[in-house]
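**Student:** what's the 3D shape of this:
(chains A and B)
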Amino acid sequence: MGNRSVVPFGPQHPVLPEPIHLDLVLEDEKVLAAIPSIGFIHRGLESLTNKKDFNEMVYVAERICGICSFMHGMSYCMALEDIMNIEVPRRADYLRTIWGEMSRLHSHLLWLGLLADGFGFEALFMHSWRLREKILDMFEVSTGGRVIFSVNTIGGVLKDMPADMLNDFVRQLDEMEKEIRETTAIFLDDYTVKSRLVDVGIITGEDAIRRGAVGPMMRASGINVDMRKNGYGAYNDIDFEVITSNKCDSYARCEVRIGEIFQSIDIIRQCVAKIPDTEINTKVTGMPNGESIIRVEQPRGEAFYHVRANGTKFLDRFRVRTPTFANIPALTQTLQGCQYGDVPLLVLTIDPCISCTER
Amino acid sequence: MGQFLPFTKQALKNLFSKPATTQYPFVERVYPERTRGHVDIKNDDCILCGMCMRSCPPGAIKVDRAGKSWSINRFDCIQCGYCVEKCPKKCLSITAGYQEPGPEKFSYKVEVPYEPPKPAAKPANIAAATKEG
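**Tutor:** Got it, this is the predicted structure:
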């Protein structure tokens, strides 16, 4: 038996822009256990509901996360629409789906870049982010913002995308698809990339369920879970298959996310072909009174929203469980038995967003 | 187990292609029409109702009815566009051009030439009746 030692990982670490702390119990170079601790950037989201009314909270909810900002705004609006019994016009549902899938595209491309950076492939990192930049440009053209979009409102969306803009986006995505295929092929085929990913950080389907993993982490362990199949937004009109992989390792997580990139492009194409010509929002009157639970599939996994309103303009409760929070127990499982040098990479494979987690 | 050097093609392509970045100070950045850069006001149309001040999530807008001015702290503004949506006279708009950085926060103040309507004078017969009564 080798020497045991405890090595702190984070909260400041070169591989992570955000603070998470892990106590790694090591035996020589092998990790025996990882004890996570969070809470370095808690922002007190729920207490803000006492100061901002339910309409202003849309803009606060968007700022929970920089990458899934659209999805957070959308889920919050969906929860309020559910409480107030508002039927959203169909076009707004489609527009939300298109922007949601564009968010998934840019999130996954960002993650691929970070992964490449994590194992030291700087050129691949630059290429992934070059592709992501085009999606951000599309966001800026359609919403006016590159990161925070502010297009969601309770009852629909604030901005419409005319047909020529939608067709232009599809044309751009068609061009990008070839480039993305070239870049992602490197992730899937390169010897060096594979040597860092294959058979590293294994979590079986059973363990993933037991630890309550969500999103690509779950799907990479062969479990077919995708909240989009519940049919919120326009997803019940869209034909898509949940992408899963049975390999259970880091390579599988990369494979699932790459598959989802192409799936998102396909969903956007279907939405543009089917989008109906209706209003984009309905007028909302009165105050919310009631309770709602919303589950949406964000790029990183399932986000869970609980909102309770009491008939005044300030909400009673506002609770969000973000995908990274759900994936941390699964992360500790993948870290058990891995090499110390693989820890940064394994932390990256859950696509961590610590600001989301702390809210 | 995987190919050797599949990146070679991409690397060669990089060598003979133009830079992916914009050559910024020499090439001007063109903003799309919808860019949310900063909030602008057409002060001639403003009625100093204060809806923008009450709706602003970070509290960046101040409306002074007595002093007849509208001011915004652009350092606090989050460019959400909620004021633009709430403005009853549609005199607010959000246009391209970001706030430049500075050593301290300050507010932009705009004088508003709005004259509130005078309370309507009582009709003559009612005035006369009150006098008699």
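**Student:** which stretches of the chain have low pLDDT?
**Tutor:** Since you didn't name a chain, this refers to chain A. Scanning chain A with the threshold set as pLDDT under 70 gives A:1.
**Student:** wrong chain, I was asking about chain B
**Tutor:** Applying pLDDT under 70 to chain B flags residues B:1-2, B:4, B:121-133.
**Student:** quickly find the element holding A:Glu179.
**Tutor:** Using DSSP states H and E, A:Glu179 maps to helix A:163-189.
**Student:** in that helix, what's buried?
**Tutor:** A:Leu166, A:Phe169, A:Val170, A:Leu173, A:Met176, A:Ile180, A:Thr183, A:Thr184, A:Ala185, A:Ile186, A:Phe187, A:Leu188 (16 or more other C-beta atoms under 10 Å in any protein chain shown). Glycine gets a C-beta too; all of them are placed from N, C-alpha and C.
**Student:** reformat the residues you listed as a markdown table; add distance to A:Ser355.
**Tutor:** As requested, the buried residues of helix A:163-189 are exported to a markdown table (distance: C-beta to C-beta, whole Å):
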| residue | distance to A:Ser355 |
| --- | --- |
| A:Leu166 | 31 |
| A:Phe169 | 28 |
| A:Val170 | 32 |
| A:Leu173 | 28 |
| A:Met176 | 28 |
| A:Ile180 | 27 |
| A:Thr183 | 27 |
| A:Thr184 | 27 |
| A:Ala185 | 32 |
| A:Ile186 | 30 |
| A:Phe187 | 26 |
| A:Leu188 | 30 |
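**Student:** out of those residues, who's near chain B?
**Tutor:** By C-beta under 8 Å from any C-beta of the partner chain, the members of the buried residues of helix A:163-189 lying near chain B are A:Thr183, A:Ala185, A:Ile186.
**Student:** kindly export stretch A:304-312 (C-alpha atoms) in PDB.
**Tutor:** Provided in PDB are the C-alpha atoms of stretch A:304-312 (Å, rounded to 0.1, in the frame of the first residue of the first chain):
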ATOM      1  CA  PHE A 304     -35.600  21.800 -12.700                       C
ATOM      2  CA  TYR A 305     -37.600  24.900 -11.800                       C
ATOM      3  CA  HIS A 306     -40.000  25.300  -8.900                       C
ATOM      4  CA  VAL A 307     -41.900  28.600  -8.700                       C
ATOM      5  CA  ARG A 308     -44.600  29.500  -6.100                       C
ATOM      6  CA  ALA A 309     -46.500  32.700  -6.400                       C
ATOM      7  CA  ASN A 310     -48.900  34.200  -3.800                       C
ATOM      8  CA  GLY A 311     -51.100  36.600  -5.800                       C
ATOM      9  CA  THR A 312     -48.800  39.600  -5.300                       C
END
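**Student:** establish whether the longest helix along chain A and chain B are in contact.
**Tutor:** What stands out as the longest helix in chain A, according to DSSP state H, is helix A:90-118. No. Helix A:90-118 lies out of reach of chain B by C-beta under 8 Å from any C-beta, never closer than 10.5 Å.
**Student:** for the nearest residue to A:Phe169 once chain neighbours are set aside, give its distance to A:Gly215.
**Tutor:** Sequence neighbours aside, A:Met138 is the residue nearest to A:Phe169 in space, at 5.6 Å (criterion: C-beta to C-beta, 6 or more residues apart in numbering or on different chains). Separation of A:Met138 from A:Gly215 (C-beta to C-beta, to the nearest Å): 23 Å.
**Student:** again, but for A:Thr322
**Tutor:** 11 Å.
**Student:** what comes up buried for whichever strand or helix holds A:Thr192?
**Tutor:** Element membership for A:Thr192, per DSSP H and E: helix A:191-197. Neighbour counts over helix A:191-197 (16+ other C-beta under 10 Å) mark A:Thr192, A:Val193, A:Lys194, A:Arg196, A:Leu197 as buried.
**Student:** same thing with stretch A:139-151?
**Tutor:** Here stretch A:139-151 shows A:Phe139, A:Glu140, A:Val141, A:Ser142, A:Thr143, A:Gly144, A:Gly145, A:Arg146, A:Ile148, A:Phe149, A:Ser150, A:Val151 as buried, counting by 16+ other C-beta under 10 Å.
**Student:** how about the secondary structure of the third one?
**Tutor:** Yep, that's A:Val141 we're talking about. helix (DSSP: H, G, I helix; E, B strand; the rest coil).
**Student:** list the contacts of it.
**Tutor:** Contacts of A:Val141 were listed using C-beta atoms under 8 Å, 6 or more residues apart in numbering or on different chains, and they are A:Met165, B:Pro32, B:Arg34.
**Student:** mind listing what A:Cys271 touches?
**Tutor:** Applying C-beta under 8 Å, 6+ apart to A:Cys271 gives the contacts A:Tyr94, A:Thr97, A:Ile98, A:Glu101, A:Ala234, A:Ile238.
**Student:** what's the helix or strand for the residue lying closest to A:Leu24 once chain neighbours are set aside?
**Tutor:** Distances taken as C-beta to C-beta, 6+ apart put A:Val7 closest to A:Leu24, at 4.8 Å, once the chain neighbours are dropped. Using DSSP H and E, A:Val7 sits within strand A:4-9.
**Student:** identify all contacting residues around that strand.
**Tutor:** Under C-beta under 8 Å, 6+ apart, the answer for strand A:4-9 is A:His21, A:Leu22, A:Asp23, A:Leu24, A:Val25, A:Leu26, A:Glu27, A:Leu32, A:Ala34, A:Tyr340, A:Val343, A:Val347.
**Student:** who are the packing partners of whichever helix or strand the second one is part of?
**Tutor:** When you say that, I think you mean A:Leu22. Using DSSP H and E, A:Leu22 sits in strand A:21-27. Judged by 3 or more C-beta pairs under 8 Å, 6 or more residues apart in numbering or on different chains; DSSP states H and E, strand A:21-27 is in contact with strand A:4-9, strand A:30-37, helix A:343-349.
**Student:** could I get that strand in PDB with only the CA atoms?
**Tutor:** What follows is strand A:21-27, C-alpha atoms only, in PDB (Å, rounded to 0.1, in the frame of the first residue of the first chain):
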ATOM      1  CA  HIS A  21     -13.200  22.800  -4.600                       C
ATOM      2  CA  LEU A  22     -12.400  19.100  -4.500                       C
ATOM      3  CA  ASP A  23     -10.500  17.300  -1.700                       C
ATOM      4  CA  LEU A  24      -8.700  14.500  -3.500                       C
ATOM      5  CA  VAL A  25      -7.700  11.500  -1.400                       C
ATOM      6  CA  LEU A  26      -4.700  10.100  -3.200                       C
ATOM      7  CA  GLU A  27      -2.700   6.900  -2.900                       C
END
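**Student:** many thanks, have a good one.
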